[in-house]
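Student: Sequence first, then the predicted structure:
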Amino acid sequence: MSDTSSTPDTRTPAQIEADIKRRRETLAETLDEIGVRVHPKTIVGDAKAKVASSVDHTLGRAYVGVNRVVDDVKGQFVTEDGAPRLDRIVPVALVVVGVVGLLTLGSRRSGRPRRRRR
């Protein structure tokens, strides 16, 4: 944009009109873009996209973490060639059976109504 106070405008009226038309078009495009950006649907859509991206990122990290834990546990009970390690499986299985048995006995005892003594 020229400074009109120091130099006279040497453009023709047609050039001035063309310049005004270009500026109006640029201004209209800018206003349209602002209108789209501040429209509630656009704001909601942007927020949904950010949340979805965050959830995808979090789920991806969780998947990697769980996968690592599963691989570590699997490594404790399976040899490198895929054979089960009975020296570790049997004691764990016995402990699980014992805990389930104790829980079953405990729930049976607490489930019975007590008799009153006279």
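Tutor: Cool, the structure landed.
Student: count of neighbours near Phe77?
Tutor: Phe77 has 13 neighbouring residues, counting by other C-beta atoms under 10 Å. In this view, the C-beta of every residue, glycine as well, is placed from N, C-alpha and C.
Student: Is the spatially most central residue of the chain within a helix or a strand, and which one?
Tutor: For the chain, the residue sitting closest to the mean C-alpha position, by C-alpha atoms, centre = their mean, is Val55 at 1.0 Å. Assigned by DSSP states H and E, Val55 belongs to helix 40-77.
Student: Kindly indicate whether Thr10 is helix, strand or coil.
Tutor: Counting by DSSP: H, G, I helix; E, B strand; the rest coil, the backbone at Thr10 sits in coil.
Student: wait, what's in contact with it?
Tutor: When contacts are counted by C-beta atoms under 8 Å, 6 or more residues apart in numbering, Thr10 touches no other residue.
Student: Look up how far Thr79 lies from Asp56.
Tutor: Counting by C-beta to C-beta, to the nearest Å, the gap from Asp56 to Thr79 is 36 Å.
Student: Actually, Pro91.
Tutor: 17 Å.
Student: Could you do Ile34 as well?
Tutor: Counting by C-beta to C-beta - Ile34 and Thr79 are separated by 65 Å.
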